[in-house]
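Participant: sequence plus the predicted model coming up.
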Amino acid sequence: LVHYRREQQGITLLESRYLYDPPGRRIGKRVWKSRRTYGEITGNEYIQLSHAPEVTWYGWDGDRLTTTETATQRVQTIYTPGGFTPLVRIETQTAELAKAVRRTLAEKFQQEANVIFPPELVAMVDNLEAELQRRELSEANRTWLAQCGLTAEQIQNQMEPEYTPQRTIHLYHCDHRGLPLALVNAEGKADWSAEYDAWGNVLRENNPHKLAQLLRLPGQQYDEETGLYYNRHRYYDPLQGRYITQDPIGLRGGWNLYQYPLNPLNYIDPMGLELLLLPSPKQKPASQSCTIDPITQQPVGRFIGDSKGNIMVEPVGGRTIPYPPSNPGSVDTHTLYPNNSNAYRLNPMGHENNSTPHAHAHLPGTGSGMRGQGSSLDVNGRVVPWNSSAAHISIKSLGPLSFFSSILHMYTFRSCREGTFGQCYCAMGIEMSTGSSQDEADIMCGMPEFF
């Protein structure tokens, strides 16, 4: 989001523009608000945007927003160590910040004498001032002052006093997720409090002191102009209950470019860039990455193949069934989830009497407990007849970044078997582009050497 305009009956009521740094963090915004004016002769009322925008600047510590500064105040936030849950809010008025501005000795001497010191002399005076502030004057500086006929006390009297700005400090009271519920002052009273619905919309807000408390769920910041929540890599719309910005990793995350968050009950994504599976009896621990199937958005448990080359992708926690059921020794390409709904099947070598590699996708079953197989889908997720050509999804249409067209080859890489999703595609890309061996590609993509 770089530009936003709100209009009503052809009249612009508000306009805002947003600035980002190279890593993609929002560092500033300018907002032009409407104001009413009246014609000097006719007295007619007009609505027009202000000429000077309201400017807000943002400061970051990694991915954590630590400073928000406007023309009237600066708000700083202290978080839990290594986390995104806010602990302390420090608010300082701009007038107080101006009082804290002081000249160094070198700046004062140059301005009062109307001269420019050479860099070497500036460094010497800065060093002298630092030692006087520490009350640890070195012998070299004592000798220098004596040669100039000065004493340490005389120089100390020339130093401008430091002013400590008056600040307003609040403690955050957050819920178990890190969502701010109240700002508590030094007397233990709440100067701000709010209640939310399940999607982050503010239901009730008590704000008698007009505090600009814009933090929401960890990493989210409320944008007053758009009503959206900025969340580092993307914007969240609480009215829709979903993120409206495409994932920055693009197709590396699969077909769905709005995949984040996929399933917060089973996955975590601390940086918003790679899914990590939460631990369960059949799943990898959260400290490891897990290959995510871009069709079903489920973690891949294993791959099963038959003598004809049909490949079945079995999700973690799912199970497979033979087809036809009368032949328990056969391997079909149907995958069932724990609720017994059919997900999809993949046929790299083709069905019998159909040698074209293709895949099938289906809606969940409509029977009891979502049993059975739902309607067939095309590559764009539209319902189509089961026997139509659109229901046979070409392997090529899955895109160059899909792992299905080279599923068997992919799993010959250690990066794909043991590493992260990103390491897997890194190794495959290096092998194809440079002709390196698989071992070399694995090592170049961060895998330890294999002995």
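Facilitator: Looks like it arrived, so ask away. Note that the structure is predicted; figures quoted are calculated from it, not measured. Residues are numbered from 1 along each chain as shown.

Participant: let me know the secondary structure of Trp144.
Facilitator: Recorded secondary structure, Trp144: helix (DSSP: H, G, I helix; E, B strand; the rest coil).

Participant: residues contacting it?
Facilitator: Trp144 sits next to 124, 128 when contact means CB atoms under 8 Å, 6 or more residues apart in numbering. Every C-beta, even on glycine, is put in place using the N, C-alpha and C of the backbone.

Participant: tell me how far it lies from Leu150.
Facilitator: Applying CB to CB, to the nearest Å, the value for Trp144 to Leu150 is 9 Å.

Participant: Arg35 too?
Facilitator: Applying CB to CB to Arg35 and Leu150 gives a distance of 57 Å.

Participant: Thr56 now?
Facilitator: Using CB to CB, Thr56 is found at 46 Å from Leu150.

Participant: looking at the two, which is more packed in?
Facilitator: More crowded of Thr56 and Leu150, by other CB atoms under 10 Å: Thr56, with 22 against 12.

Participant: who's in contact with that one?
Facilitator: 28-31, 68-70.

Participant: now swap in Asp191 and tell me
Facilitator: 170, 183-185, 208-209, 211.

Participant: what are the buried residues along the helix or strand where it lies?
Facilitator: Asp191 is located in strand 190-196, with elements delineated by DSSP states H and E. Of all the residues in strand 190-196, those buried under the rule 16 or more other CB atoms under 10 Å are 191-194, 196.

Participant: quick one: the helices in the stretch 51-200 of the chain?
Facilitator: 94-99, 105-113, 119-134, 139-147, 152-158 (DSSP state H, counting those that start in this stretch).

Participant: packing partners for the shortest one?
Facilitator: The elements that helix 94-99 packs onto, with contact taken as 3 or more CB pairs under 8 Å, 6 or more residues apart in numbering; DSSP states H and E, are strand 73-79.

Participant: give the other helices and strands that the strand it packs on contacts.
Facilitator: When contacts are defined as 3+ CB pairs under 8 Å, 6+ apart, strand 73-79 packs onto strand 64-69, strand 86-93, helix 94-99.

Participant: and those: which comes nearest Met124?
Facilitator: Ranking the helices and strands packed on strand 73-79 by proximity to Met124 (CB to CB) places helix 94-99 first, at 28.7 Å.

Participant: re the thing from before, ok, which pair from the buried residues of strand 190-196 is furthest apart?
Facilitator: So, these by CB to CB: farthest apart are Asp191 and Tyr196, at 18.2 Å.

Participant: export the helices of the stretch 51-200 of the chain as a markdown table, with columns for distance to Asp237 and mean pLDDT.
Facilitator: Listed next are the helices of the stretch 51-200 of the chain as a markdown table, based on distance: least, CB to CB, whole Å; pLDDT from 0 to 100:
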| stretch | distance to Asp237 | mean pLDDT |
| --- | --- | --- |
| helix 94-99 | 32 | 85 |
| helix 105-113 | 49 | 86 |
| helix 119-134 | 51 | 89 |
| helix 139-147 | 61 | 86 |
| helix 152-158 | 57 | 86 |
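
Participant: looking at those, which is closest to Val88?
Facilitator: The nearest among those, by CB to CB, is helix 94-99 at 17.7 Å.

Participant: ok so, going back, most neighbours of all the contacts of Asp191, which one?
Facilitator: Leu183 (25 neighbours).
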